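Visitor: turn this into a model:
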Amino acid sequence: MEDERNNVAARARGAPAQRADPRPAATGAPPTNRAPDNCIDTGYRLLRHGIDSLYLSYAGKLAADWAERLRDLKTNAQSDEEGERALAQVKIGPHLLEVADKAKRPFAFTLIDNCFHIQISGGKTASVPLAYVQVSSEYLAAVGLEAAETDLRFIVSTLGLVEGQALVSRADPFVDFVCLVDLNQFSEADWIVRAHVLSKFWHRGRFSGFSIGRGGDLSSRLYDKTLEIEVKSHKFYIHDLWKEAGWDGTQAVYRQEFQARRGLLKAVGIHTVPDLLETLPLLWQYTTQDWLRLTIPSATDSTQTRWPNHALWDGISASFLVSSDQPRLKRFSPARLPRDERLYEQGLGYVSSFMASRGIGDWGEGLGEYLHGMKHHFDGKERKSKKGFYGHLDEKVRGKGRRYNTIRNRPKDGSDEAEIAKRAKAYRRAKDGDDEDA
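Guide: Here you go, the predicted model:
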């Protein structure tokens, strides 16, 4: 790790600035990795750069009243009754957070919405931070790193007494780009890397990307982001950001991403969010110039360190040196909403199956019979459950409202927030010694 620290420090002392080629993507035959370097026109165009995944930890202590409250809510979440589970939520500021039924050790509680996945310590072990939080990539794309951390600090400070600044436990810097280069042409021999594991992947015969150094304090992925969104993450909101940066909506977009864990971050002097913001361009230079390079191998020189970079890699490496405003999401919700397409497709599937099984061809008749039959089905259970159709529907809606962070199943008269604020304030005052009776 001393080498990493020295290399990043050297960059900070005045590495020559490079800039990505701002010209529009060129047209023509895809270049080959075996052509002379000065003949390669990669058509590289930067669309976005920033931090994708971000993990922060906060030292401190959970307020005693909050510990009791979260235990009760966690018990609600573990209930066999959906109506009880629907109550496992808490509202802090604009965030209606689901309280999960379990937590990953050594943490005691988990709070979730579309902005944050918050793990909270039960306060029994001093070595465990008060909170360990994953900030969602969508929220970062909407408001930026600084605003997201400010919002998060308010939540964590409400839950207990925070000590010091948030520590960065993991950060994944990335660049999204288009190019004319066929990435499938590259092999292990083209990469020079300080890691031992390099894997190449395909999805149904289509090249999907490279993974390098998986499992270490620093690892890399270069992959087809358009394919990944289509088959895995379904983060289609990124398409809007790309289009704002000039994407034509059809060309494959690739992502070069590094995963930097706490060991590497600590070694290069990144501890807090301000450290990360200040050092990010230097960290990117280190990862793309010292730790990993895509090169043009030489048939006459066996010394790999003298092999020239592929022109595509020079563009990638210079991406964080380009000063530009990053496109932001214009629409964002803290709610974790299912895709409308999924709801419609599943609903049509159920109704069409019902119609086919009854031999009904008319949509209006089929939908009416389906709704009538569903109500009769649940009302028929009334002798046992006493809930009937509308009771079952209400429970289902409130349960899903909890999971989607859309419906508040707690009191709506403001007394809940007032009591939360009162207890949190009293706890902080008592800890500061301002009010011995609090």
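Visitor: state the distance from residue 195 to residue 218.
Guide: Using Cβ to Cβ, to the nearest Å, one gets 8 Å for the distance from residue 195 to residue 218. (Each C-beta comes from the backbone N, C-alpha and C, glycine too.)
Visitor: looking at the two, which is more packed in?
Guide: residue 218 (24 against 16; other Cβ atoms under 10 Å).
Visitor: send me whichever strand or helix holds residue 344 as PDB with only the CA atoms.
Guide: Using DSSP states H and E, residue 344 sits within helix 340-358. Output of helix 340-358 as PDB, limited to C-alpha atoms (Å, rounded to 0.1, in the frame of the first residue of the first chain):
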ATOM      1  CA  ASP A 340     -45.000   0.100 -14.700                       C
ATOM      2  CA  GLU A 341     -44.100  -2.300 -17.500                       C
ATOM      3  CA  ARG A 342     -43.800  -5.100 -15.000                       C
ATOM      4  CA  LEU A 343     -47.200  -4.300 -13.300                       C
ATOM      5  CA  TYR A 344     -49.000  -4.100 -16.600                       C
ATOM      6  CA  GLU A 345     -47.400  -7.300 -18.000                       C
ATOM      7  CA  GLN A 346     -48.100  -9.300 -14.900                       C
ATOM      8  CA  GLY A 347     -51.700  -7.900 -14.600                       C
ATOM      9  CA  LEU A 348     -52.400  -8.800 -18.300                       C
ATOM     10  CA  GLY A 349     -50.900 -12.200 -17.700                       C
ATOM     11  CA  TYR A 350     -53.300 -13.000 -14.800                       C
ATOM     12  CA  VAL A 351     -56.400 -11.600 -16.500                       C
ATOM     13  CA  SER A 352     -55.700 -13.300 -19.900                       C
ATOM     14  CA  SER A 353     -55.100 -16.600 -18.100                       C
ATOM     15  CA  PHE A 354     -58.400 -16.200 -16.300                       C
ATOM     16  CA  MET A 355     -60.200 -15.400 -19.600                       C
ATOM     17  CA  ALA A 356     -58.700 -18.300 -21.500                       C
ATOM     18  CA  SER A 357     -59.600 -20.700 -18.700                       C
ATOM     19  CA  ARG A 358     -63.300 -19.600 -18.800                       C
END
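Visitor: neighbouring contacts of that helix?
Guide: If you take Cβ atoms under 8 Å, 6 or more residues apart in numbering as the criterion, helix 340-358 is touched by 360-361, 363, 366-367, 369-370, 373.
Visitor: give the next helix or strand downstream of it.
Guide: Using DSSP H and E, the helix or strand that follows helix 340-358 in sequence is helix 363-379.
Visitor: mind listing the shared neighbours of residue 195 and residue 218?
Guide: Joint contacts of residue 195 and residue 218 (Cβ under 8 Å, 6+ apart) are residue 291.
Visitor: how far away is the closest residue in space to residue 242 that isn't next to it in sequence from residue 390?
Guide: Computed as Cβ to Cβ, 6 or more residues apart in numbering, the closest residue to residue 242 that is not its neighbour in sequence is residue 47, at 5.0 Å. Distance, residue 47 to residue 390, using Cβ to Cβ: 49 Å.
Visitor: so if I had to pick from the two, which one is more boxed in?
Guide: A count of neighbours by other Cβ under 10 Å puts residue 47 above the other of residue 47 and residue 390, at 23 against 11.
Visitor: pretty sure that one contacts residue 246?
Guide: Yes: with contact defined as Cβ atoms under 8 Å, residue 47 reaches residue 246; the gap is 7.0 Å.
Visitor: where does the stretch 251-400 of the chain dip in pLDDT?
Guide: Within the stretch 251-400 of the chain, the stretches with pLDDT under 70 are 324, 381-385.
Visitor: go with 80
Guide: Residue ranges of the stretch 251-400 of the chain with pLDDT under 80: 322-325, 381-386.
Visitor: in it, which spans are strands?
Guide: Ranges of strands in the stretch 251-400 of the chain, per DSSP state E, counting those that start in this stretch, are 254-261, 292-294.
Visitor: closest to residue 331 out of the ones you listed?
Guide: strand 254-261 (22.3 Å; Cβ to Cβ).
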